[in-house]
Each structure stands twice: as structure tokens, then as C-alpha cells.
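> just need the structure, nothing else, for what follows:
(one chain, ligands or ions: 1)
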Amino acid sequence: MATININYDKLGAGYLFPEIARRAKAFAEKHPGVELHRLGIGDTTQPLAPSVVRALQDAAERLSKGDTYTGYGDYEGEKFLREAIRDAYRERKVEIELDEIFVSDGAKSDSGNIQTIFGPENIIAVQDPAYPVYVDTNVMAGRTESFNTVTGQYAGIVYMPCHEHNDFFPELPSEKVDLIYLCSPNNPTGAVATKQQLTQFVEYARQLKAVIIFDAAYSAFISDARLPRSIYEIPGADECAIEVNSFSKSAGFTGVRLGWSVVPKSLITEDAPASKLNALWYRRQSTFFNGASNIVQYGGAAALSPKGRRECQAIVDYYMQNARIIRDGLTSLGLACFGGDNAPYIWAKTPNGVRSWDFFDKLLREAHVVTTPGSGFGPAGEGFIRFSAFGRRESTERAMASIRAHLKT
Ligand code: PGU
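Coordinates of the predicted model:
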């Protein structure tokens, strides 16, 4: 008799983004002819950089010939790509060895799968609000009790609130935790952790032999040179942190799919000496995953080449101009806005304390703008709404004009 993983039944709601898509679709079906402005999911809209396209085409061409055809690659990713990733870290004065880098199909898989190399009794701490994958994957793995519909929290998870008064970066947990998820630049608040803020967490983790899982998927959006783009810029982080990153947002690979994780050999826990967690992750990946597409890995290396970086930077700058348009537009309407300086998300306070989903529905109904309700990222997101800067310029401008013209305050 087969039985199901009953932990899935503990999940409080469906995955956030399909629910948003469902509401937008229902609205569109009820109002045919109405143009929806999509500033909801953080999905890229600009074409790939020319160097990337050429590399993808060349790689596909090589597969068309017997003497240049290749099949399965190294489980941890093609060496040329890992070298390019290592060199990019080196520019930030971070030394990472090739066998500490694991190429993947994106940061969602890595940030979701990484928990499988840790014991079921580990206590998880998350920023609240947070990208829902960190919580949901731990619920599925059985590290929580059921969802409390009143508090909006799962028993067994330590929520680290990120509010206006702590600049959307959490205080250290007051109880002992084992795995700490941090995301900077942050989804959804757009806050970027400073070196001092990360240092506090690195020191805490080293003291308690806890592990930080650092999601740097938006690091390319940092323009302020003082802000860290990798947790390994913090001394000692190689002993206590895993980092995940992605080409999705920096190079427009949301559909192409490519990312990487770094598991340093110097990373340790109470029961794992140096190299153990690195070996476990290799074991996990080589068993469950046959590597990212070889064609795509050439595209990734092209995105990291000097020319590719210039081209990708121009696209990042384009999205950041959208961020300014959104923030200026919302601010001029009197909404308090955060983020959008070194991150592609604007985190806006709803007017008069309106609940996130109510404001989401109002923006959809009155201005035909799709956003993401803050409460979907955790209870501390209640009363906020997230705007994505990844839209097309014209559609971002039309969305703001529509909000100005039609939103009844
Ligand atoms: N990590 C963070 C913090 C993210 O916000 C996202 C995407 C990912 C990882 C996923 O990166 P991939 O490399 O493409 O796997 N967040 C988007 C898309 C929603 C989703 O379901 O992933 C968002 O709108 O929040």
C-alpha cells in the first residue's frame, strides 16, 4: 500500500505565484479586452545578450556534428563555467575552489534541495517575509508542525521579522537555531544587507555551528560598491555558509535555466568535519541531478565574459530604471516605498493599513496591475505589496499611469 508524504498536507496554501496567476487569469476572463500590466512575478522580459545568444547557437551547432557532439557532462558542471564563476568571485577577493562550485538549473532548485543534506531535527530560521521556497521545502521535509492560520506561521520554524524599524534586516534569533536562510538583495523587501549586518550572523553561526544558506540570486543588482555581493566577503563565512546564485535575473535565464551553489570544504557543523557537507552535496546532486544543459552552460560562460557582462549590465540597468519609475510613481501617490535602489523589487506599504491581498485585488480591479501581496511571503509581509521591476519599460510606465489615473484612495 503506497502512502503519501503527509507533510505536504501541512502546507498552508498553494504556491504563491500560481495563486496570483490564477486571480489575474480569472480577472482577464471576466473582463475581455482589458489590458493587464504585469508587475507581479519577478520574471525577466528583455531579450538575451547577443554574446549569450551566439554562444548558445554555437553550442547547439557543435552538438549537430559527430566529432564535436558531447553527452553527459560533469555532475558538478562544466569546468570552463566553474572557472568563470570562480574568476567572478576572485574579482571580489573571494577565493573559491572549483570543487566547491556546483552548477545547477537555478537557485530555486538549490535553495529548495540543500536542506536534504541536513538532519530532520535541525531548527530552521527564516527572514519574515521571505521567498516561500525556504519555508515550503522544509515543511515538505517534515521539519515543522502544522500551519497556524491565525499567526500565519508554522510551528517549529523560527521567524525573524524584517520591519521598517530594523531596516528590513533581522535581529539575531533569541533561541538556538541550526539553519538560517538569508537573502540579499532581499526578495521581497529589496533591502540589501551591509557587511556589518552579515558579520553579526556569520559570528553567530560560527559560535553555534549553525549554517547560513545565503541566496544571492539578485547580487547583480547591487551598484553600491560598499555592499557585499557574496557572503564570502565576510571573514569566516567559508566555515558557516552555503551560497546559491543564478543566471536568471543577471542574464535573463529565467526560461533558459542555470544557477550554482557554493559549498566550501571548510564548512563545518557539530557532526560534520571539513569537506563532509561538500561531499554530501556532491553525493546528493550526482544521485538526483544529471547536470544543467551543456548548451546553456556555454551561454552562462558567455554571460560572464567581459563582453557578456557589459551587455548583461545594460539589461540590469534597464530594469533598475524601471525600479525608479515604479518607486517615484508610488511615492508621488503618497505610498511609503522601500527597496529598488540595489534590488529589482519595490516593497510598498499599503495605504491605511489595508491587507495585502485586498490591496492586490484593488490594484487588479481598478488599475489592472498585477503585483504580489506581501503577506504571501510571511506574516510580517502583511500590509505590504511587492512590485517587480522586471517588466517591459512601456508596460511599467503604463502600469504607473493606470495606478495614477484609476486607483481610488
Ligand atoms: N531565489 C530567490 C530569492 C528568488 O526570488 C527567485 C525567483 C529564485 C531564487 C529562483 O531563481 P531561479 O534561478 O530562476 O530558480 N523568484 C521570483 C520567481 C518566483 C518563483 O517561483 O521562483 C519571484 O517573483 O519571487
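> ok, the residue in the stretch 251-400 of the chain that the ligand sits nearest to to residue 40 distance?
In the stretch 251-400 of the chain, the residue that lies nearest the ligand is residue 259 (4.4 Å; CB to the nearest ligand atom). Just so you know, the C-beta spots here come from the backbone N, C-alpha and C atoms, and that holds for glycine as well. Distance of residue 259 to residue 40, computed by CB to CB, to the nearest Å: 22 Å.
> the helix or strand harbouring residue 243 pairs with which strands?
If you go by DSSP states H and E, residue 243 is part of strand 241-246. Sheet pairing of strand 241-246 (DSSP bridges) gives strand 211-215 (parallel), strand 259-262 (antiparallel).
> of those strands, which is nearest residue 70?
For the strands paired with strand 241-246, proximity to residue 70 was assessed by CB to CB; strand 259-262 is nearest, at 19.8 Å.
> just the mean pLDDT for the next helix or strand after that closest one, thanks.
With elements assigned by DSSP H and E, the helix or strand that comes after strand 259-262 is helix 276-288. Per-residue pLDDT over helix 276-288 has a mean of 98.
> same question for stretch 137-150.
Rounded mean pLDDT across stretch 137-150 is 95.
> next: stretch 343-351.
The model assigns stretch 343-351 a mean pLDDT of 97.
> kindly report the same for stretch 10-27.
89.
> in PDB, could you pull the C-alpha coordinates for it?
Output of stretch 10-27 as PDB, limited to C-alpha atoms (Å, rounded to 0.1, in the frame of the first residue of the first chain):
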ATOM      1  CA  LYS A  10       0.600  20.700   6.300                       C
ATOM      2  CA  LEU A  11       1.200  23.400   3.700                       C
ATOM      3  CA  GLY A  12      -0.900  26.400   4.500                       C
ATOM      4  CA  ALA A  13      -1.600  27.400   0.900                       C
ATOM      5  CA  GLY A  14      -0.800  26.700  -2.700                       C
ATOM      6  CA  TYR A  15       2.500  28.000  -4.000                       C
ATOM      7  CA  LEU A  16       2.200  31.800  -4.100                       C
ATOM      8  CA  PHE A  17       2.800  32.600  -7.800                       C
ATOM      9  CA  PRO A  18       0.300  30.100  -9.300                       C
ATOM     10  CA  GLU A  19      -2.300  31.700  -7.000                       C
ATOM     11  CA  ILE A  20      -1.500  35.200  -8.300                       C
ATOM     12  CA  ALA A  21      -1.600  33.900 -11.900                       C
ATOM     13  CA  ARG A  22      -5.000  32.300 -11.200                       C
ATOM     14  CA  ARG A  23      -6.500  35.500  -9.900                       C
ATOM     15  CA  ALA A  24      -5.100  37.500 -12.800                       C
ATOM     16  CA  LYS A  25      -6.400  35.000 -15.300                       C
ATOM     17  CA  ALA A  26      -9.900  35.000 -13.600                       C
ATOM     18  CA  PHE A  27     -10.000  38.800 -13.900                       C
END
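> ok now it, how far from the chain's centre?
For stretch 10-27, the separation from the chain centroid amounts to 18 Å (computed by CA atoms, centre = their mean, to the nearest Å).
> which residues touch it?
For stretch 10-27, contacts defined as CB atoms under 8 Å, 6 or more residues apart in numbering pick out 34, 36, 38, 40-41, 132, 136, 139-140, 144-147, 149, 152, 154, 360-361, 364-365, 368, 370, 372-373, 376-377.
> sort out for me which of those are in helices.
Using DSSP state H, the members of those that fall in helices are 132, 136, 139-140, 360-361.
> okay, now the spatially closest residue to the residue of the stretch 251-400 of the chain closest to the ligand that is not a sequence neighbour: neighbour count?
Nearest residue to residue 259 in three dimensions, chain neighbours excluded: residue 246, at 3.7 Å (CB to CB, 6 or more residues apart in numbering). By other CB atoms under 10 Å, 29 other residues sit near residue 246.
> the helices in the stretch 101-250 of the chain, which residues?
107-113, 132-140, 195-208 (DSSP state H, counting those that start in this stretch).
> rebuild these as JSON lines, extending it with distance to the ligand.
Output for the helices of the stretch 101-250 of the chain, formatted as JSON lines (distance: least, CB to the nearest ligand atom, whole Å):
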{"stretch": "helix 107-113", "distance to the ligand": "3"}
{"stretch": "helix 132-140", "distance to the ligand": "7"}
{"stretch": "helix 195-208", "distance to the ligand": "16"}
